[in-house]
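A.B. asks: Just to be clear, the model below is a prediction. Sequence and coordinates:
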Amino acid sequence: MTFKKKMLCIGAGYVGGPTMAMIAHKCPQYKVTVVDINPKRIAQWNSGELPIYEPGLDEIVKATRGVNLFFSTEIEKEIRECHIIFVSVNTPTKTFGAGAGMAADLQYWEKTARQILRNAESDKIIVEKSTLPVKTALAMERILTSGNNNIHFDVLSNPEFLAEGTAIKDLKDPDRVLIGSRRSPEGLRARDELVEIYANWVPSDRILTSNIWSCELSKLVSNAFLAQKISSINAISALCEKADADVTEVSRAVGMDNRLGSRFLNASVGFGGSCFKKDILNLVYLCQYYGLNEVADYWKAVVSINDYQKERFVLNMMNAMFNTLAGKRICLFGFAFKANTGDTRESPAIFISKRLLEERAQLIITDPKALDNAKFDLEGLEGAISYIEDPYEAATGCDAIAVMTEWDVYPKLDFKKIYDSMTKPAFVFDGRNILPHKRLFETGFNVFPVGKPPMTHF
Ligand SMILES: NC(=O)c1ccc[n+]([C@@H]2O[C@H](COP(=O)([O-])OP(=O)(O)OC[C@H]3O[C@@H](n4cnc5c(N)ncnc54)[C@H](O)[C@@H]3O)[C@@H](O)[C@H]2O)c1
């Protein structure tokens, strides 16, 4: 079969895999190849057990794989063959040197750019899918034009707004697709080529085109605003606990204001995920770089409140359980950073596990999708940790349950059965406010929600 276009994505992770699967699904006329330096990841994409869990992903991959969607490790060959190259390699926070702990580590991006330059034999459009600091496209252009090979490269910014857990829905029906380009005739031509791809299924009024720097910045700003909303309600949850107010009532009242909206106003143990913290710190670093220290401090506070909320959760547990956690068996309900994903990157459960182990508690961790990642995250830590998939078995003999992830199976469990199997007095610390608190209290539990008065039997 001959395809109308051949496109490549470098980086087969949480973004590259689902995004390209959706393009292949919606555009049978294109050949889509996804490559990665990690052969194990590629083998998983080619197997019956995909490397990431995402509702709806299996069906799309199964329908397109081997037809017009391919996963491969032959990066150099694919670079030569494809005209459009998406890059969605990881851009974690830098851990060394200048900007350590804040700036984005761009080494994977730069290596990719150099590899493209070495192997390209014809003009290419390079699409930034990774989240990058503003002006990265300029650096990419400089690397790509450093060869003397008469090959022309256009760099576009096309940040990905999908959220893990709803990636397929978000890709199928996005709020908007953002494409930033240079204003030169070549830049606009490249932009139009990318617009044409999305126009296969995204309505034209939702495909926004912009200046390339606004585009790069919009992704960081979008994540910073979302995280800020969570940190705002979490800060208020601490006040509610002192003032006998109920944060759910407050957030409902506030969220019904159309100007604010109700989403991202659920108080919790804190936000996690690979993006929010890293992207805000990246923004903070950019502000500091431009000498905007007040602006940097403002955004830094969003991360500080998140750290505070996680520590506060542990201290509340200790306080409630007679000021010592040593030797107590604590069952963590959930380890993923949110429901419907197995991803545990920056999950609040990691910090909380470490702190509970420091307090010499014993941990029993249960999660429907994230136990393998949890084992990896906690590997080598001192202390007693067990991993049990069945929540009933996990809670048996425990002193407390702490809800870390809002999996919808948890509120539906038989809490009478769980209560009967636990050590008494039995405690529940609901870090997501998803359990039926009154019913649990009536069953015999001492219940500690976030941002609401506790319900105790003493
Ligand atoms: N995860 C999300 O929800 C999300 C959402 C929007 C944007 N983003 C952004 O997208 C980017 C990718 O995120 P992710 O979650 O998919 O990361 P990920 O770690 O899941 O995947 C990145 C992949 O790139 C591969 N890789 C690294 N260097 C490579 C190279 N030189 N050649 C080939 N492959 C290489 C890695 O092996 C890995 O499989 C990041 O910049 C992130 O900020 C992530």
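C.D. replies: Now that the structure is in, tell me what you want to look at. Residues are numbered from 1 along each chain as shown.
A.B. asks: in this protein, what residue is nearest the ligand?
C.D. replies: Nearest residue of the chain to the ligand (C-beta to the nearest ligand atom) works out as G13 at 1.9 Å. (C-beta placed from N, C-alpha, C; glycine too.)
A.B. asks: show me the contacts for that residue.
C.D. replies: D36, R41, I52, S88, V89, N90 (C-beta atoms under 8 Å, 6 or more residues apart in numbering).
A.B. asks: Could you tell me how many residues sit around the first one?
C.D. replies: Same thing as D36. Neighbours of D36 under the rule other C-beta atoms under 10 Å: 23.
A.B. asks: For the stretch 201-350 of the chain, which residues are neighbours of the ligand?
C.D. replies: Residues of the stretch 201-350 of the chain found near the ligand (C-beta under 6 Å from any ligand atom) are S274, C275.
A.B. asks: ranges for the helices of the stretch 201-350 of the chain?
C.D. replies: Counting by DSSP state H, counting those that start in this stretch, the stretch 201-350 of the chain has helices at residues 212-243, 247-255, 276-289, 293-320, 348-358.
A.B. asks: Just put these in a markdown table and tack on mean neighbour count and mean pLDDT.
C.D. replies: Output for these, formatted as a markdown table (neighbours: other C-beta atoms under 10 Å; pLDDT from 0 to 100):
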| stretch | mean neighbour count | mean pLDDT |
| --- | --- | --- |
| helix 212-243 | 19 | 97 |
| helix 247-255 | 17 | 98 |
| helix 276-289 | 22 | 96 |
| helix 293-320 | 17 | 98 |
| helix 348-358 | 22 | 98 |
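A.B. asks: Nearest approach to Y108 belongs to which of the ones you listed?
C.D. replies: helix 276-289 (13.4 Å; C-beta to C-beta).
A.B. asks: which other helices and strands contact the closest one?
C.D. replies: On a contact count with 3 or more C-beta pairs under 8 Å, 6 or more residues apart in numbering; DSSP states H and E, helix 276-289 meets helix 212-243, helix 293-320.
A.B. asks: Export the ones you listed as JSON lines, with columns for distance to D105.
C.D. replies: Below are the helices and strands packed on helix 276-289 laid out as JSON lines (distance: least, C-beta to C-beta, whole Å):
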{"stretch": "helix 212-243", "distance to D105": "15"}
{"stretch": "helix 293-320", "distance to D105": "17"}
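A.B. asks: Go ahead and confirm K369 touches F337.
C.D. replies: No - using C-beta atoms under 8 Å, K369 is not in contact with F337, being 11.4 Å away.
A.B. asks: So between these two, which is more surrounded?
C.D. replies: F337 (28 against 20).
A.B. asks: what's the span of stretch 356-369, first residue to last?
C.D. replies: Taking C-alpha to C-alpha, to the nearest Å, stretch 356-369 runs 22 Å from one end to the other.
A.B. asks: Would you indicate which residues of that stretch are buried?
C.D. replies: For stretch 356-369, burial by neighbour count (16 or more other C-beta atoms under 10 Å) applies to L356, L357, E359, A361, Q362, L363, I364, I365, T366, D367, P368, K369.
A.B. asks: out of these, which are inside helices?
C.D. replies: Those of the buried residues of stretch 356-369 mapping onto helices are L356, L357, per DSSP state H.
A.B. asks: what's the closest of the buried residues of stretch 356-369 to L381?
C.D. replies: L381 has its nearest neighbour among those in L357, at 5.7 Å by C-beta to C-beta.
A.B. asks: In space, what's closest to that closest one - neighbours in sequence excluded?
C.D. replies: Excluding the flanking residues, the one nearest L357 by C-beta to C-beta, 6 or more residues apart in numbering is G383, at 3.8 Å.
A.B. asks: Let me see the contact set for the one you found.
C.D. replies: By C-beta under 8 Å, 6+ apart, G383 lies in contact with L357, R360, A361, Q362, L363.
A.B. asks: my read: the first one touches I385, true?
C.D. replies: Translated: L357. Yes - taking contacts as C-beta under 8 Å, L357 lies within contact range of I385: 7.4 Å.
A.B. asks: Overlap of the contact sets of those two?
C.D. replies: With contacts defined as C-beta under 8 Å, 6+ apart, the residues shared by L357 and I385 are L363.
A.B. asks: Select the helix or strand of the protein having the lowest average pLDDT value.
C.D. replies: Lowest on mean pLDDT, DSSP states H and E among the helices and strands of the chain sits helix 136-144, with a mean of 91.
A.B. asks: next SSE after that one?
C.D. replies: Later in the chain than helix 136-144, the nearest helix or strand by DSSP states H and E is strand 153-157.
A.B. asks: what's in contact with that next one?
C.D. replies: Contacts with strand 153-157, where a contact means C-beta under 8 Å, 6+ apart, come from 116, 120, 123-128, 132, 137, 140-141, 144-145, 178-182, 186-187, 189-191, 194, 212, 215-216.
A.B. asks: So which of those are in helices?
C.D. replies: Residues of these located in helices (DSSP H): 116, 137, 140-141, 144, 186-187, 189-191, 194, 212, 215-216.
A.B. asks: Rebuild those as CSV, extending it with distance to I233.
C.D. replies: Below are these laid out as CSV (distance: C-beta to C-beta, whole Å):
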residue, distance to I233
I116, 43
A137, 35
M140, 38
E141, 41
L144, 43
E186, 46
G187, 41
R189, 45
A190, 41
R191, 38
L194, 37
I212, 34
C215, 29
E216, 28
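A.B. asks: Could you pick out the buried ones from the residues you listed?
C.D. replies: Buried by 16+ other C-beta under 10 Å: I116, A137, M140, E141, L144, G187, A190, R191, L194, I212, C215, E216, out of the ones in helices among the contacts of strand 153-157.
A.B. asks: and which of the residues you listed is nearest to C275?
C.D. replies: Of all those, E216 has the smallest distance to C275: 14.6 Å, by C-beta to C-beta.
A.B. asks: For the closest one, list the residues it contacts.
C.D. replies: E128, L132, P133, V134, K135, T136, A137, S157, P159, G180.
A.B. asks: again with T95
C.D. replies: G101, D105.
A.B. asks: Look at it and report its pLDDT.
C.D. replies: Per-residue confidence at T95 stands at 94 (pLDDT).
A.B. asks: How about K328?
C.D. replies: Here, the pLDDT recorded for K328 equals 98.
A.B. asks: and the gap between it and P203?
C.D. replies: Applying C-beta to C-beta, to the nearest Å, the value for K328 to P203 is 54 Å.
A.B. asks: Check K129 too.
C.D. replies: From K129 over to P203 (counting by C-beta to C-beta), the distance is 21 Å.
A.B. asks: Which of these two has more residues huddled nearby?
C.D. replies: Shown here are K129 and P203; by other C-beta under 10 Å, K129 has more neighbours (21 against 11).
A.B. asks: Can you read off the pLDDT for the more buried one?
C.D. replies: What the model reports for K129 is a pLDDT of 94.
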